[in-house]
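A.B. asks: Structure for the following, please:
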Amino acid sequence: MKDGSVTCWGASHFGESTPPPGDFVQVSAGSGSTCGIRQNGLVECWGKNDQGQSRPPKNKVYKQISSSLNKHVCGIEHGGEGVSCWGSNIREQSETQKGPFTQVSAGAFSTCAIRSDQTVVCWGAHQPIPHLSLQGNEDLVYDQISLGMDHACGVTADGDLHCWFQGTDHGAHNVPLGFSVASVSVKQEPADEMAEMEGGGGRKTKIMKRMAISVMDIECFLLHFLMSQTSPHRKP
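C.D. replies: Residues are numbered from 1 along each chain as shown. Down below sits the predicted model:
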């Protein structure tokens with residue numbers, strides 16, 4: 001709004017669409033939570049907070065923030081222009097990065113930011129893998145980048161739009177020229193942490209597996225039953 005207040009619409013199951021009063025200079029909506037930058041640079045968040053995504057640092061001021069689709073938020077700090085994050089860090093997507101950066105975008109399990117030289121660096125799970133990230137093209141630089149659940153798009157300084165999938169199983173070889181990977185180790189998560197990453201879906205997965213087995217048992221039973229009914233050796 002022109003007066004600096006925030007207006008939201010849509011679902012508000014966790015209060016994510018019920019902003020606090022007062023002036024903001026920027027706002028970013030995530031999944032179940034929303035964060036905004038006050039005029040003094042402090043960040044205020046509202047909505048779901050099960051992973052700390054609505055609990056920003058109290059002693060840091062930011063010039064730009066980005067809320068992800070999966071419970072983490074990153075922002076560019078005033079001063080050093082480094083990136084710091086809060087919330088879920090199950091895939092190292094919330095690791096601190098030294099600046100200077102001009103823009104950051106938080107994806108589902110990854111984060112990318114534009115450096116002051118307009119090159120892009122990414123970290124987290126679905127990052128461009130080192131041997132496929134085509135580096136060294138100084139002619140291709142970016143003005144803006146945005147990450148989704150499993151894809152990302154960037155606008156080059158020439159105004160061209162590039163989009164690509166993320167992750168080694170989703171076309172990482174299509175990552176545009178000029179991208180690099182931050183020095184963040186990516187751990188192979190145990191099964192229980194993977195269940196947590198999916199929003200506590202471990203039990204749901206087990207139930208679905210049991211359902212699949214039950215369906216197979218029923219299909220096998222019906223098949224054997226039908227075969228017994230048509231068998232030439234079946235007595236009348």
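A.B. asks: Now do the strands in the chain.
C.D. replies: Taking DSSP state E as the criterion, the chain carries its strands at 24-29, 33-38, 43-47, 62-67, 72-77, 83-87, 101-106, 110-115, 120-124, 142-147, 151-156, 161-165, 179-181.
A.B. asks: Distance to residue 53 for the ones you listed - can I get that in CSV?
C.D. replies: From N, CA and C alone the C-beta is placed, and that goes for glycine too. Below are these laid out as CSV (distance: least, Cβ to Cβ, whole Å):
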stretch, distance to residue 53
strand 24-29, 11
strand 33-38, 5
strand 43-47, 7
strand 62-67, 7
strand 72-77, 6
strand 83-87, 3
strand 101-106, 10
strand 110-115, 13
strand 120-124, 15
strand 142-147, 16
strand 151-156, 20
strand 161-165, 25
strand 179-181, 24
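A.B. asks: Make CSV from those and add mean neighbour count and mean pLDDT to it.
C.D. replies: Below are those laid out as CSV (neighbours: other Cβ atoms under 10 Å; pLDDT from 0 to 100):
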stretch, mean neighbour count, mean pLDDT
strand 24-29, 17, 97
strand 33-38, 24, 97
strand 43-47, 21, 97
strand 62-67, 23, 98
strand 72-77, 27, 97
strand 83-87, 25, 97
strand 101-106, 24, 95
strand 110-115, 26, 91
strand 120-124, 25, 87
strand 142-147, 19, 91
strand 151-156, 19, 85
strand 161-165, 14, 77
strand 179-181, 20, 53
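A.B. asks: quick one, which of the ones you listed is nearest to residue 3?
C.D. replies: Nearest of the strands of the chain to residue 3, taken as Cβ to Cβ: strand 24-29 at 10.3 Å.
A.B. asks: Distance of residue 50 relative to residue 31?
C.D. replies: 11 Å (Cβ to Cβ, to the nearest Å).
A.B. asks: shared neighbours of the two, anything?
C.D. replies: residue 71 (Cβ atoms under 8 Å, 6 or more residues apart in numbering).
A.B. asks: Who has more neighbours out of those two?
C.D. replies: Per other Cβ atoms under 10 Å, whichever of residue 50 and residue 31 has more neighbours is residue 31, with 18 against 14.
A.B. asks: who's in contact with the more buried one?
C.D. replies: With contact set as Cβ under 8 Å, 6+ apart, residue 31 has these partners: 48, 68, 69, 70, 71.
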